[in-house]
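1. structure, please.
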Amino acid sequence: VNNRTHPVSMKSSIYCASFCLVLLSVCCSCAVLTRSRFASRFARNIGAGEHNCSESTGREACSSYPDVGVCNELTGNCSCNATLSDCFKLADNFCTLKNCTSYNEGNEECRQGKKSRTTALLLSIFLINFGAANFYIARYELAIPQLILGLVLCCFQFGSCGSTASKDDHTSYLCIACCSLNGLFSLLFFAWWLADLIIFAQNTRPDGDQCMLY
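-> As a prediction, this is how the structure comes out:
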């Protein structure tokens, strides 16, 4: 029975490792695409340099956002909506977002911060194995190691550790070693999870742009 068990178990471990590697590649690709999207959005927000707004047409003459910039057609100068002065500034005759602020066009709400602390905390609670919270706040130097550690732990729990369970003495030693590593990784991951919960609950970790969460 044992001779038939090993090939099947080894195949399961290979499938698990392959799935983990594919998932890691997808997550890294999503991280790069997300970073590129934010970079292009930032470039859009900067504007095209100093210009005469009276020579521009459309709602983006003074700002990329509607009802934010006001153009004086006589002088060609822009001014920003006074009610949104906490969120926007005038730079090169164009209304742009201030650093570490976000603007909701739907309800015209200005926020100090770009990412939600509540969302980051929930992602940290339920998707810690995938580093979802740190991916969300663009802290990839924390998210990618967290994802790798989570996938390694997944492989130990559902692959190799289960495949070495046998009455054979040699295999029993492997099982002990494997389960010991599994326990070590689990303890390390639990400590990391607990630390993230405390950090996001107290809002002491800035996002990738060094802005605090709102």
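
2. would you map the helices across this protein?
-> Counting by DSSP state H, the chain has helices at residues 2-46, 117-126, 132-136, 140-155, 161-163, 169-202.

3. what's the second one in contact with?
-> Among residues not part of helix 117-126, those counted as contacts by CB atoms under 8 Å, 6 or more residues apart in numbering are 132, 133, 136, 137, 193, 196, 197, 200, 201, 203, 213, 214. For glycine as for every other residue, the C-beta is placed from the backbone atoms N, C-alpha and C.

4. could I get the average pLDDT for that helix?
-> Taken as a whole, helix 117-126 has a mean pLDDT of 94.

5. so for that helix, what gets flagged as buried?
-> Neighbour-count burial for helix 117-126 flags 117, 120, 121, 123, 124 (criterion: 16 or more other CB atoms under 10 Å).

6. for the last one, same thing?
-> Neighbour-count burial for helix 169-202, with 16+ other CB under 10 Å as criterion, is recorded at 171, 174, 175, 178, 179, 182, 185, 189, 192, 196, 200.

7. redo those residues as a markdown table? Include distance to residue 108.
-> Shown next, in a markdown table, are those (distance: CB to CB, whole Å):
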| residue | distance to residue 108 |
| --- | --- |
| 171 | 65 |
| 174 | 62 |
| 175 | 61 |
| 178 | 57 |
| 179 | 56 |
| 182 | 52 |
| 185 | 48 |
| 189 | 42 |
| 192 | 39 |
| 196 | 33 |
| 200 | 28 |
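
8. good, wrapping up.
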